[in-house]
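**Student:** Below is the sequence, then the predicted model.
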Amino acid sequence: MIARFLLLASVAGASIITPHAFAQDAQPAADEVQQPNVRGDVIVVTAHRRQETAQEVPLAISVVKGDSIEATGNFNIVKLQQLAPTLQVYTTNPRNTSVNIRGLGVPFGLTSDGFEQGVGIYVDDVYNSRVAAATFDFLDVNQVEVLRGPQGTLYGKNTTAGAINITTNQPTFDFEGRAELTVGNLNYKQAKAAVSGPLSETIAARIAVAATTRRGTLYNVTSQRWINEQDNLGIRGQLLFKPNDDFSITLSGDYSKQDPECCGTTFVRVGKTQRPLNRQYDALAAAQGYVVPSRNPYDRLTDLDSNLNAGNKIGGVSAKIKWDVGPGTLTSVTAWRFWDWKPENDRDFTGLPIVSKSQNPSQQDQYSQEFRYNYESKDVDFVVGLFGFKQRIDTQGTEQQGSAAAQWSLAPSTDPTNPANIPATLAGLTASNTQWLKADSAALFGQLSWKVTDALTIQPGARLNYDKKSGYYQRVVTNAQGQTISCTTVAEPGTVKGTTQQCGIYQPQISAPSDSAWNFTYDFNVNYKVARDVLAYATYAKSFKTLGINQNGLPLNADNTVNYDASTVKPESVNHYELGLKTQFWDRRATFNLTAFRTEIKNFQATVNGGQFGTVRGYLANAEKVRSQGIEADFKVVVSDRFTAYANGAYTDAKYKKFTNAPCPPELSGGTLQPSGQPADYSQPGVPGALSPRQCDISGQDLPGVSKWAFSYGAEYNIPVTLLAKEGQVYLGVDGNYRSHWNSNASPSIYTEVKGYALTNLRAGFRGEGFDIFGWVRNAFDVNYIENLQVAPGNTGLIAGQVGDPQTWGGTIKFSF
């Protein structure tokens, strides 16, 4: 029997395939049937808002089919990076998640609602503005496309680094269904089901559900519970009305929720700062008789004493109308989405009651409308669109000091009457934050494709964009008695004057930033078909990331007044260059794609964190210039119906070309600030009591979160067998990935260097018509690795982190009809 093929991931433009006989995916399109030499299904993508094969699209694109997501266990965007080397996803909790491509997208560190995502996440053409969507399980997904490079002339929301385009399975007029059950160690359970079929001759419906639970991987000796668990439930329903071939309406609704005990950290290491030695971590811990349960993070022990929660709900409804009008298709996508975030965190990263409460629950509503017209002819194709977007986010934050705060945060003293030795000095001190953000944007965009000859095509595109943002932030500080305090020279009416110690931790603040901007951007692509299966292309894109506003509070000036000049940040200005080559050979059994790129950004929006507990959690600022450049390569081969293999590689060199006023890393922080106007002295890193620079010049240093080298690879072999009277295939597959070292701090630090690592996943099973049974092992060699590191607030030198999953194993049963 001739095997059919499912798709895995790519790096530079084509998807990787593995044999997956009897898979219940869609039948090949007509143009696929007309190509008898192709040794697998042609990969159809919609990156250009029309159906094309991946090898025909002149841009770097990775494609992952739904069944391949299930086979490899990469069931959300966070895990998808194991298949796409230039995709970087880091998460300390669903809100604080960074999705970057080629090292660009969002600033590394605490998330702020005041900036845009550089990597857009789209589900069935609907833009998801909250990056928390990256942490939810894929739900009834047909295909995921990872587009690299600026995407503004074809997509509703402009994005500077790329887009993740997720397409779900649609309602069908043929009755079909599928179910999947997975169990594994760590009490892992995952169940998925979907059913689709006609309700009448013109109406079809589809419904899908998915649920995942797993025990945590970090044991909290304080609560005697495993934390950082998985707990995900999702449901999606769709209704298709199709009275004829020229017109259709699809109504969709989805709801997903997570409620895990998450997201805690463990002790990783201590590094010396420029604080006096008696105010650094080891001395402070000894003064309170505190000992962590283990200094080896791979013992997977912690003793966090605050409540932990990552309650997360996301969902919405949409209506998609497609109408063939004349020689083209008019598409309308109307959507409303919500996000509800209810966290509880331990922000001091210890088992001491330093910060007894830290939480910033948020609620978001977003509305979007996109109109798009696609025209196709022999010589000219074009797409033109209108996009409107409106969102509001409300946040109610609370942070409270605990009974150990005074001794930890204030200068030590042997005098028992000193405020540092009196817990009541800071205990109960509470900062309550109220904030909201309103964001509106509108855009006119389009792209023309002119086929100059059968081989040469020119594609110019343009976008006119308007953005307006307004926000409000108020911090009210109360003492343990519930009295509102002020930090002015004379107490304001209705308040009491805060002590020096209290105002050194939290200061009342109010700001209402607002700004707007117009932007015109464009791109230009030239592609040439050198031969039937060889496509070369060159792209230039002038793009932007819109203005940002600071929503987490503003920094203080040297005289302790609020720096209102920092309330807004400039838009990013992006120049992007790309060369690519897409090839197929050996009767199209083999594919090799190569991409070289260079992206230059002026006024890069970076995260700045001053290291204090509550004065400023983190805010946005502009780095003068950033550059990312590199080479991506992809190779796949279908040797026969029995064996396939792939290998992807990426070299990414992403640097701050110029960032002269960056926050200093912990080894250059914590001491008395150098006199204003004096050149920064970087000669005494980690020397207790040394003077600390007010700001650091980190020009030339690597961007955080970026591995210079990244690889993914895999192979699968199968043999036909008859087992238990069932015809099918026994198969064995392997997938692996490698990432070189990277830094986990916004200003690279010697203490936050994350070592490179390689992971290997194995699977083996038996599949046939309508069923697939297989066992799997992920992180087969039980490699110890770090997912991220965090610098504890207070400049004490404590570095905490989250360790990656240990070896996991289990089995999966899938049925379809």
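**Tutor:** On my side now, so go ahead. Residues are numbered from 1 along each chain as shown.
**Student:** which residues are in contact with the helix or strand Val195 falls within?
**Tutor:** Following DSSP states H and E, one finds Val195 within strand 188-198. Under the criterion Cβ atoms under 8 Å, 6 or more residues apart in numbering, residues 70, 75, 140, 169, 171-183, 204-215, 230, 808, 810 lie in contact with strand 188-198. Backbone N, C-alpha and C define where each C-beta goes, glycine included.
**Student:** does Asn648 have beta-bridge partners, and which?
**Tutor:** With DSSP bridges applied, Asn648 shows beta-bridge pairing to Asp634, Ser712.
**Student:** quick one: it and Trp709 touch, right?
**Tutor:** No. In this structure Asn648 lies outside contact range of Trp709 using Cβ atoms under 8 Å: 11.7 Å.
**Student:** Of those two, give the one with the bigger neighbour count.
**Tutor:** Asn648 (27 against 15; other Cβ atoms under 10 Å).
**Student:** what separates that one from Ala596, distance-wise?
**Tutor:** Per Cβ to Cβ, to the nearest Å, Asn648 is found 15 Å from Ala596.
**Student:** Could I get the contacting residues of Tyr540?
**Tutor:** Applying Cβ under 8 Å, 6+ apart to Tyr540 gives the contacts Asp523, Phe524, Asn575, His576, Tyr577, Glu578.
**Student:** Which of the residues you listed fall within strands?
**Tutor:** Residues of the contacts of Tyr540 located in strands (DSSP state E): Asp523, Phe524, Asn575, His576, Tyr577, Glu578.
**Student:** wait, the first one sits on Tyr537?
**Tutor:** Pointing back at Asp523 there. No. In this structure, Asp523 is not within contact of Tyr537 by Cβ under 8 Å, at 12.0 Å.
**Student:** Once you drop chain neighbours, what's closest to Asn345?
**Tutor:** Among residues not flanking Asn345 along the chain, Ser358 sits closest, at 4.5 Å (Cβ to Cβ, 6 or more residues apart in numbering).
**Student:** which residues are contacting the helix or strand harbouring the one you found?
**Tutor:** Using DSSP H and E, Ser358 maps to strand 355-359. By Cβ under 8 Å, 6+ apart, the surrounding residues in contact with strand 355-359 are 306-307, 342-348, 397-403, 405, 430, 613.
**Student:** And the next helix or strand past that strand?
**Tutor:** Assigned by DSSP H and E, the successor of strand 355-359 is strand 362-376.
**Student:** list the helices and strands the helix or strand that comes right after that next one packs on?
**Tutor:** Proceeding N to C from strand 362-376, the next assigned helix or strand is strand 380-401, under DSSP H and E. In terms of contacts (3 or more Cβ pairs under 8 Å, 6 or more residues apart in numbering; DSSP states H and E), strand 380-401 is packed against strand 355-359, strand 362-376, strand 430-451.
**Student:** circling back: list only buried entries from the contacts of Tyr540.
**Tutor:** Listed as buried from the contacts of Tyr540 are Asp523, His576, Glu578; burial here means 16 or more other Cβ atoms under 10 Å.
**Student:** Throw these into a markdown table and include distance to Pro666 and pLDDT, thanks.
**Tutor:** Below are the buried ones among the contacts of Tyr540 laid out as a markdown table (distance: Cβ to Cβ, whole Å; pLDDT from 0 to 100):
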| residue | distance to Pro666 | pLDDT |
| --- | --- | --- |
| Asp523 | 41 | 97 |
| His576 | 34 | 98 |
| Glu578 | 37 | 98 |
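**Student:** Could you list the single helix or strand in this protein with the lowest mean pLDDT?
**Tutor:** In the chain, the helix or strand scored least confidently by mean pLDDT, DSSP states H and E is helix 30-33, which has a mean of 30.
**Student:** Can you check the distance spanned by stretch 147-156, start to finish?
**Tutor:** End-to-end distance for stretch 147-156, by Cα to Cα, to the nearest Å: 14 Å.
**Student:** What average pLDDT does that stretch get?
**Tutor:** What stretch 147-156 shows for mean pLDDT is 89.
**Student:** The chain should start at 443 in everything you say after this.
**Tutor:** Fine by me, first position is 443 from now on; the one you just mentioned is stretch 589-598.
**Student:** and Asn629, how many residues sit next to it?
**Tutor:** Neighbourhood size, Asn629 [other Cβ under 10 Å]: 13.
**Student:** Need the phi and psi values for it.
**Tutor:** Dihedral angles of Asn629 (phi, psi; degrees, to the nearest 10) stand at phi 60, psi 40.
**Student:** Spatially nearest residue to it (excluding sequence neighbours)?
**Tutor:** Asn629's closest residue in space is Arg657 (Cβ to Cβ, 6+ apart), at 4.4 Å.
**Student:** Pretty sure the one you found sits against Ile669.
**Tutor:** No. With contact defined as Cβ under 8 Å, Arg657 and Ile669 do not form a contacting pair (9.6 Å).
**Student:** Looking at those two, which has the bigger crowd around it?
**Tutor:** The neighbour comparison of Arg657 against Ile669 (other Cβ under 10 Å) goes to Ile669, with 22 against 15.
**Student:** and the more buried one, what is it in contact with?
**Tutor:** Gly658, Leu660, Tyr661, Asn662, Glu703, Cys704, Cys705, Gly706, Thr744, Leu746, Leu750.
**Student:** Of those residues, which is the most crowded?
**Tutor:** Ranking these using other Cβ under 10 Å puts Thr744 first, with 29 neighbours.
**Student:** Specify the beta-bridge partners of it.
**Tutor:** Under the criterion used (DSSP bridges), Thr744 bridges to Asn662.
**Student:** any idea of the pLDDT on it?
**Tutor:** You'll see Thr744 listed with a pLDDT of 98.
**Student:** swap in Thr528?
**Tutor:** Reported pLDDT for Thr528: 88.
**Student:** ok now do it, which residues does it touch?
**Tutor:** Taking Cβ under 8 Å, 6+ apart as the test, what Thr528 contacts is Val453, Ile543, Arg544, Arg590, Gly1072, Glu1074, Ala1092, Thr1094, Ala1152.
**Student:** try 10 Å
**Tutor:** When contacts are counted by Cβ atoms under 10 Å, 6 or more residues apart in numbering, Thr528 touches 453-454, 502, 504, 542-545, 588, 590, 603-604, 1037, 1039, 1070, 1072, 1074, 1090-1094, 1148-1149, 1152.
**Student:** What helix or strand is the nearest residue to it once chain neighbours are set aside located in?
**Tutor:** With sequence-adjacent residues excluded and distances taken as Cβ to Cβ, 6+ apart, Thr528 is closest to Ala1092, at 4.7 Å. Under the criterion of DSSP H and E, Ala1092 resides in strand 1085-1100.
**Student:** Am I right that Tyr740 falls within a strand?
**Tutor:** No. Under DSSP: H, G, I helix; E, B strand; the rest coil, Tyr740 sits outside any strand and is assigned helix.
**Student:** Give me the nearest residue to it, chain neighbours excluded.
**Tutor:** Nearest non-adjacent residue to Tyr740, counting by Cβ to Cβ, 6+ apart: Asn1226, 4.5 Å away.
**Student:** Distance check, Arg717 against Gly695.
**Tutor:** Applying Cβ to Cβ to Arg717 and Gly695 gives a distance of 53 Å.
**Student:** about what we covered before: what about the residue nearest to Thr528, neighbour count?
**Tutor:** 25.
**Student:** Let me see the contact set for it.
**Tutor:** The contact partners of Ala1092, taken as Cβ under 10 Å, 6+ apart, are 453-454, 526-529, 544, 590, 1037, 1072-1076, 1149-1154, 1181.
**Student:** let's see 8 Å
**Tutor:** By Cβ under 8 Å, 6+ apart, Ala1092 lies in contact with Val453, Pro527, Thr528, Gly1072, Ile1073, Glu1074, Ala1075, Trp1151, Ala1152, Phe1153.
**Student:** Okay, now the unreliable bits of the chain?
**Tutor:** 443-485, 487-492, 552, 1000, 1051-1060 (pLDDT under 70).
**Student:** any idea which residue sits dead centre in it?
**Tutor:** In the chain, the centroid-proximal residue (Cα atoms, centre = their mean) is Val541; its distance is 2.6 Å.
**Student:** Next, the buried residues of stretch 1152-1162.
**Tutor:** Across stretch 1152-1162, burial judged by 16+ other Cβ under 10 Å covers Ala1152, Phe1153, Ser1154, Tyr1155, Gly1156, Ala1157, Glu1158, Tyr1159, Asn1160.
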